[in-house]
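Q: Here's my sequence, what's the structure:
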Amino acid sequence: MADAVLDIGVNVGAKPVAVHARRKHGPARWLVLALLVAAMAFTLFPFLLALINGIKSSIDYAANGPLSIPTSIDFSAIAKFWGISDFTLKLVNSVLISGAVAVFGTTISLLNAYAIGVGKVRGSRVILVVLLLGLMIPQESIVYPLYFMAKSSGLYDTQLSVIIIFSVLQSAFGTYLLSSVLGSFPREILEAAEIDGATRWQVLWYVLVPVLRPTLMVIATFFFIWTWNEFLIPLVFLVSNSHQTVSVAMGLTRGQNLADPVLQAAASLMGITPTVIFFLIFQRTLTRGVVVGAVK
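A: The predicted structure follows:
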C-alpha cells in the first residue's frame, strides 16, 4: 500500500512537471513555426505574383493593379511571349546546355577530388584555396578574357563554349565539396581494394562512385539549376537567336520603347516553371543525398 501510494505520489508529482515542460516549449515551437511560414510566404510571393499577372489581361492589369486576383484567365501574354521568343527552341537549348554542364561539371569535380582527396597530390591545400578564390571572382571580370579565347578558338557563338565555361567554373565548387568527403574516406577500404588487384580507375568506379552517388546527384542537380539561371555569359557568347537560352529570351520583354508588365510576368512565369518542375522531380534525390551525406 505504501509503495502504491508512493508511486501515485511520484506520478502525480511528475505530471505537472511534464505539463510545465510542454508549456515551456509550446510557445517557442509555435514561434518557430510562424517564422517558417512567414519565410515560406516571403519566398513564394514572387512566384505567386508572376502567376497571377502572367494569366491576366492587360486591361485587367491596368484597371486593378498587379496585386489583384485576375477577373478571368487570359493566356494571350504567354502565347505572345512564346511566339516572339521561339520558346520551344530556347527551352531545348537550355535543357541541352544545363544537362551537359551537370554531367561534365560533376565528372570534372569527381576526377579533381579523386586526385586531391585520395591521390594526395602536392599542394592540394593551395589548389583548394585557388578554387575557392575562383568562386569569389565575379563573372563580369572574366567575361572579356573568356570572350577573347572563344573568338581565338573559333567557339564563339556556339553552345559548346558556354558548356565548357560553366563546366569548369562550377566544377570548382564540386571539387571542393567532394575533396572534403574523399579526404575523410577510410583508407583501409582503398588499401583492401588495391591488395585485391584493383586499379585506380576500378577503385574510383567500383568503390567510391557507389558510395558518392547520392552526393553526385545533388551536385549535378545544383549545376543544372545554376546553369539554367545564368544570364550574363549566355547573353555575351550566344549571339544567334537559334543558340540562345530561356534566361536570355526573358530579356526580350524589356527594351527602351517596350514596357509590358503582363508580358514580363508571363516571361518570368515561363522561365521559372521548368526549374520548379525539375526541382519537384528530383526533390527526393536532393533530400536523400543531403541525409546520406549527413549520416556519413
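
Q: Could you pull out the helices in the chain for me?
A: 2-54, 58-64, 76-85, 87-113, 124-136, 143-153, 159-183, 187-195, 200-202, 209-228, 232-237, 246-249, 261-281, 283-295 (DSSP state H).

Q: Of these, flag the one that's most buried.
A: Across the helices of the chain, averaging neighbours per residue (mean count of other Cβ atoms under 10 Å) puts helix 246-249 on top, at a mean of 23. (C-beta placed from N, C-alpha, C; glycine too.)

Q: picking up where we left off before, include mean pLDDT and distance to residue 70 when you put the helices of the chain into TSV, please.
A: Shown next, in TSV, are the helices of the chain (pLDDT from 0 to 100; distance: least, Cβ to Cβ, whole Å):
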stretch	mean pLDDT	distance to residue 70
helix 2-54	70	6
helix 58-64	88	6
helix 76-85	90	11
helix 87-113	95	22
helix 124-136	82	42
helix 143-153	93	40
helix 159-183	91	37
helix 187-195	85	59
helix 200-202	87	58
helix 209-228	91	27
helix 232-237	93	32
helix 246-249	90	24
helix 261-281	86	10
helix 283-295	60	29
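
Q: How about the contacts made by residue 270?
A: Counting by Cβ atoms under 8 Å, 6 or more residues apart in numbering, residue 270 touches 54, 78, 81-82, 87, 246, 250.

Q: Just flag the most distant two among the residues you listed.
A: 54 and 246 (14.7 Å; Cβ to Cβ).

Q: So residue 170 versus residue 265, what's the distance?
A: Residue 170 sits 30 Å away from residue 265, going by Cβ to Cβ, to the nearest Å.

Q: what about residue 267, distance to residue 253?
A: Where residue 253 is concerned, residue 267 sits at a distance of 5 Å (Cβ to Cβ).

Q: same check, this time on residue 278
A: From residue 278 to residue 253 the distance is 23 Å (Cβ to Cβ).

Q: Residue 176 now?
A: 37 Å.

Q: isn't residue 146 right next to residue 233, touching?
A: Yes - in this structure, residue 146 is within contact of residue 233 by Cβ atoms under 8 Å, at 7.4 Å.

Q: list residues touching both of these two?
A: residue 165.
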